[in-house]
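Peer 1: Sequence plus predicted model, see below.
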Amino acid sequence: MNIKKLTQSIKHNEGFSSGIYLCTAGKRTIGFGRNLDDVGISAKESEYLLESDIKRIYISLNIEIPLFDTFPDYVQNILVEMAYQMGVSGLLKFKNTLKHIKWGQYDNASAEMLNSKWANQTPMRAKTLSNLMKGGF
């Protein structure tokens, strides 16, 4: 089997879709014809996607938040995780939290994190990340 030729042929014949669509058999499909209903994705594939998302978010936050790369690693990690959950645009609405982080006021940033709709919607995650903001990752 020539995997490169086979891959090229399948890619050519299937086409690519970055979003989910229904194939002719009515199965939810993505990418180069991956049948999500019958095959799904493996934990290893999911981990690859997660790592890719984390890198994409990190790059976005470096662009959107001045001095992001100067924040302590644990603060960067918290902000990336928050953006992973609610999107970068959602995180950027945390203006007071980000202001306190900019000034190194992590206890105040922690309190502001809990003063949000996000904290009401996902209280356990918000409390966990808020506590980490106070004490480090």
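Peer 2: On my side now, so go ahead.
Peer 1: Give the next helix or strand downstream of the longest strand anywhere in the chain.
Peer 2: Ordering each strand of the chain by length in residues (DSSP state E) puts strand 17-22 first. Going down the chain from strand 17-22, the next helix or strand is strand 28-31, by DSSP states H and E.
Peer 1: other SSEs contacting that following strand?
Peer 2: strand 17-22 (3 or more C-beta pairs under 8 Å, 6 or more residues apart in numbering; DSSP states H and E). The C-beta positions use only the backbone N, C-alpha and C, and glycine is treated the same way.
Peer 1: Give me the mean pLDDT for the strand it packs on.
Peer 2: Mean pLDDT, strand 17-22: 95.
Peer 1: Neighbouring strands of that strand in the sheet, and parallel or not?
Peer 2: Partner strands and pairing direction for strand 17-22 (DSSP bridges) are strand 28-31 (antiparallel).
Peer 1: Show me what counts as buried in the partner strand.
Peer 2: Of all the residues in strand 28-31, those buried under the rule 16 or more other C-beta atoms under 10 Å are Thr29.
Peer 1: try stretch 80-97
Peer 2: In stretch 80-97, counting by 16+ other C-beta under 10 Å, buried: 80-83, 86, 88, 91, 94, 97.
Peer 1: okay, these in TSV with distance to Trp103, secondary structure and pLDDT next?
Peer 2: Formatted as TSV, those follow (distance: C-beta to C-beta, whole Å; DSSP: H, G, I helix; E, B strand; the rest coil; pLDDT from 0 to 100):
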residue	distance to Trp103	secondary structure	pLDDT
Val80	20	helix	98
Glu81	21	helix	97
Met82	18	helix	98
Ala83	20	helix	98
Met86	23	helix	96
Val88	21	helix	98
Leu91	18	helix	98
Phe94	14	coil	98
Thr97	11	helix	98
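Peer 1: Run through the neighbouring helices and strands of the helix or strand containing Ala126.
Peer 2: Using DSSP H and E, Ala126 maps to helix 123-135. Judged by 3+ C-beta pairs under 8 Å, 6+ apart, helix 123-135 is in contact with helix 73-86, helix 106-114, helix 117-121.
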